[in-house]
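Colleague: Sequence below, structure please.
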Amino acid sequence: MHDPLLSYPMSNATDEFGLRMEPTGIVRLRWVPGLRITGSLAAAAMAAVDQLNDGCSRPLLVEMHGTETPTREARRRFSERCTATRIALLGGSAVDRVRASLAPEPGRVGYPVPTRFFTSETTALAWLLEAPSPASGSAPDR
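Modeller: Numbers count the residues shown, from 1 in each chain. Predicted structure coming up:
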């Protein structure tokens, strides 16, 4: 079956995720649906984002439609700082929303940058392009 979400080319593509820079300056990370994100996959994706950003900080859109709940080590990795300035988690269901809320390791305050969950790509992109403010929040909430 052909997945339209995976139909356009992504640089730094692996079997588990794809990554590309949008013309707007947003970095797009797409996880393969059905994947359980492990600590090593999370570290590889974060390193690929940092490499693509090449020392610059940019907003990050994470397409997580249908991924499995990340492992504890992956959640620890996601609570570490990278070159993302804000992170929009894009899912398609209430299950994706719950998985997004579990991403930081238990006991941690949350994500290192403002992070929100969205089911609308248009809304997620608009939020990523807003000027950051100190009161942006860091919990998935949309």
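
Colleague: Please make it C-alpha for all contacts and neighbour counts, starting now.
Modeller: OK.

Colleague: residue contacts, the residue nearest the centre of the chain?
Modeller: Nearest to the mean C-alpha position of the chain, counting by C-alpha atoms, centre = their mean, stands Val62 at 2.8 Å. Contact analysis of Val62 by C-alpha atoms under 8 Å, 6 or more residues apart in numbering lists Arg28, Leu29, Arg30, Trp31, Ile87, Ala88, Leu89, Leu90.

Colleague: same thing but at 10 Å, please
Modeller: 19, 27-31, 87-91, 117, 124 (C-alpha atoms under 10 Å, 6 or more residues apart in numbering).

Colleague: quick one: average pLDDT of stretch 124-135?
Modeller: For stretch 124-135, the mean per-residue pLDDT is 78.

Colleague: Under the pLDDT cut-off, which ranges of this protein? List them.
Modeller: Within the chain, the segments meeting pLDDT under 70 span 1-13, 102-110, 131-142.

Colleague: can you pull up the bridge partners for the closest residue in space to Glu22 that isn't next to it in sequence?
Modeller: Once flanking residues are discounted, Glu22 sits nearest to Arg28: 6.9 Å by C-alpha to C-alpha, 6 or more residues apart in numbering. Note on Arg28: beta-bridge partners Arg20, Leu61, judged by DSSP bridges.

Colleague: If you count contacts, what does the lengthiest helix in the chain end up packed against?
Modeller: Counting residues, the longest helix in the chain under DSSP state H turns out to be helix 39-53. Applying 3 or more C-alpha pairs under 10 Å, 6 or more residues apart in numbering; DSSP states H and E, we find helix 39-53 packed against strand 17-21, strand 27-31, strand 58-63, helix 72-78, strand 84-90.
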